[in-house]
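K.L.:
Here is a sequence together with a model predicted from it:
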Amino acid sequence: MFQLDPAFPATSQALGDLALCHARLQADARYAWIVLIPRIAAARELEDLSGNDRAALMEEIVRASAAVRAIGQALGRPVQKLNVGQLGNVTPQLHVHVVGRRTDDPAWPGPVWGVGSAEPYADGALAVALQAARITLGL
């Protein structure tokens with residue numbers, strides 16, 4: 001049975017469930033950022049997914065990319081570049097990061113991991129980001 005790693009609720013807000021993945025808004029206002037977690041028990045690597053599930057994951061990454069762009073637009077910080085990554089070095093449960101980047105973001109042009117500390121969303125901005133993502137994802 002699928003269980004969400006406790007690291008995700010501690011660092012993100014639930015958006016809802018897509019056909020394959022549980023989608024979450026990363027709790028870092030510096031970036032428009034969605035994490036997709038396939039709801040497949042014990043999955044740690046892409047190779048743990050069936051071919052059909054890998055294809056579904058790619059489609060959900062494309063949908064999350066549109067949602068990340070919608071978040072950036074809604075917050076007045078349009079996304080200039082999308083980064084997609086599946087690492088799992090810290091949280092081994094299979095998950096994919098879809099991060100909206102800007103040339104003026106704190107980590108540009110390097111990776112977002114390990115740069116500064118996450119900044120919480122202000123209440124109004126969090127509501128705007130959640131709504132933009134959910135509408136775009138159809139949740």
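P.N.:
Perfect, thanks for sending it. Numbers count the residues shown, from 1 in each chain.
K.L.:
For the residue positioned nearest the centre of the chain, give its distance to residue 26.
P.N.:
In the chain, the C-alpha nearest the mean C-alpha coordinate belongs to residue 34, at 1.7 Å (Cα atoms, centre = their mean). As judged by Cβ to Cβ, to the nearest Å, residue 34 and residue 26 stand 7 Å apart. To be clear about C-beta, it is placed using only N, CA and C from the backbone, and glycine gets the same treatment.
K.L.:
Quickly list what's touching both of the two.
P.N.:
Between them, residue 34 and residue 26 share these contacting residues under Cβ atoms under 8 Å, 6 or more residues apart in numbering: residue 97.
K.L.:
got a list of contacts for stretch 120-127?
P.N.:
Under Cβ under 8 Å, 6+ apart, the answer for stretch 120-127 is 13, 27, 29, 75, 129.
K.L.:
Mind listing the residues bridging to the first one?
P.N.:
According to DSSP bridges, residue 25 are recorded as the beta-bridge partners of residue 13.
K.L.:
What count of nearby residues applies to it?
P.N.:
15 (other Cβ atoms under 10 Å).
K.L.:
try the last one
P.N.:
Using other Cβ under 10 Å, residue 129 has 27 neighbouring residues.
K.L.:
Please name every helix or strand in contact with the longest helix seen in the chain.
P.N.:
For the chain, the helix reaching the highest residue count under DSSP state H is reported as helix 51-74. The contact analysis (3 or more Cβ pairs under 8 Å, 6 or more residues apart in numbering; DSSP states H and E) places helix 51-74 against strand 21-26, strand 32-38, strand 81-85, strand 96-101, helix 123-137.
K.L.:
tell me the most buried of these?
P.N.:
strand 32-38 (a mean of 25; mean count of other Cβ atoms under 10 Å).
K.L.:
Report the buried residues of the longest helix of the chain.
P.N.:
With burial defined by 16 or more other Cβ atoms under 10 Å, the residues of helix 51-74 counted as buried are 53, 56-57, 60-61, 63-65, 67-72, 74.
K.L.:
That one to strand 96-101, inter-axis angle?
P.N.:
With axes from the mean of the first three to the mean of the last three Cα atoms, to 10 degrees defining the directions, helix 51-74 sits at 30 degrees from strand 96-101.
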